[in-house]
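**Q** Below are the sequence and a predicted model; questions follow.
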Amino acid sequence: MPEERPATAEQAWAALEDGNRRWAAGTPRRPRQDPEHRRRVAADQSPYAVVLSCIDSRVPPEVVFDAGLGDLLVVRTAGHTVDRLVTAAVQYGPQALSAPLVVVLGHQRCGAVTAAAQALREQAALPGELSRIVAALEPAYEGSGGDVEAMISAHVVRTVSLLRDDGLLRGRAAVIGARYSLDTGLVTRLV
């Protein structure tokens, strides 16, 4: 019998926390990844959360939260930065699929944040489109005094605030912020 989809933001966060504890303890279940479930979700999806996270290869949300196929919509950008297209992707989950929760997930030792902090500190321009990442992270840099770990948390909080103010998300989904520890594997809620 299939597990029931979390219907509220609180239930969704509890499911993510449970999965993360399993992952961090080394006892993941890898739920809903069997061929039968794959066939079931091939026809329709009903994710219970949207996760906006970094592109870092060490932080795949489906693994970190021990989630299954069809559980999460995952939007990944360098340093979980947002622009209009990323915001539209986040909006899709609550708008089109009634996902009750949006999680902004930062992580320890983020390379994008580290590079942006260094560029801002040295007043150096990064090549190509990388300067857009620096610009998106500048408010967190200014608010944290340039400390990378503080900057990561500040950027999570700022991104949550931006998404909570979004007219299409307000009233449709709870938006929370969390941070992943590369050392322990645990996710801690920030806001």
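**A** Looks like it came in fine.

**Q** ok now do the closest residue to Leu163 other than its chain neighbours, which residues does it touch?
**A** Excluding its sequence neighbours, the residue lying closest to Leu163 (CB to CB, 6 or more residues apart in numbering) is Val175, at 4.6 Å. (Each C-beta comes from the backbone N, C-alpha and C, glycine too.) Counting by CB atoms under 8 Å, 6 or more residues apart in numbering, Val175 makes contact with Leu101, Val102, Val104, Val160, Leu163, Arg164, Leu169.

**Q** residues near Val157, how many?
**A** Val157 has 16 neighbours, counted by other CB atoms under 10 Å.

**Q** Show me where the chain dips below the pLDDT cut-off.
**A** Within the chain, the segments meeting pLDDT under 70 span 1-3.

**Q** what do you get if the cut-off is 90, keeping everything else the same?
**A** 1-4 (pLDDT under 90).

**Q** how about the helices in it?
**A** 9-25, 35-43, 61-64, 84-97, 111-122, 130-144, 148-164 (DSSP state H).

**Q** Could you report the neighbour count for Ala124?
**A** 11.

**Q** The spatially closest residue to it that is not a sequence neighbour: neighbour count?
**A** Leaving aside its sequence neighbours, Ala124 sits nearest to Gln118 (CB to CB, 6+ apart; 7.5 Å). When neighbours are counted by other CB under 10 Å, Gln118 registers 14.

**Q** export the helices of the chain to JSON lines and tack on distance to Thr77?
**A** Below are these laid out as JSON lines (distance: least, CB to CB, whole Å):
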{"stretch": "helix 9-25", "distance to Thr77": "20"}
{"stretch": "helix 35-43", "distance to Thr77": "25"}
{"stretch": "helix 61-64", "distance to Thr77": "13"}
{"stretch": "helix 84-97", "distance to Thr77": "6"}
{"stretch": "helix 111-122", "distance to Thr77": "8"}
{"stretch": "helix 130-144", "distance to Thr77": "8"}
{"stretch": "helix 148-164", "distance to Thr77": "10"}
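
**Q** Let me know which of those helices is the nearest to Arg189.
**A** Among those, helix 9-25 comes nearest to Arg189, with 7.6 Å by CB to CB.

**Q** Please name every helix or strand in contact with the closest one.
**A** Applying 3 or more CB pairs under 8 Å, 6 or more residues apart in numbering; DSSP states H and E, we find helix 9-25 packed against strand 49-54, helix 61-64, strand 101-107, strand 174-180, strand 187-189.

**Q** roughly how far apart are the residue nearest to Ala124 and Arg30?
**A** 37 Å (CB to CB, to the nearest Å).

**Q** Then Leu186?
**A** The value you get for Leu186 to Arg30, if CB to CB is used, is 18 Å.

**Q** From what I see, Ile133 and Asp83 are in contact.
**A** No. Using CB atoms under 8 Å, Ile133 is not in contact with Asp83, being 10.3 Å away.

**Q** Kindly check the end-to-end length of stretch 68-80 for me.
**A** 22 Å (CA to CA, to the nearest Å).
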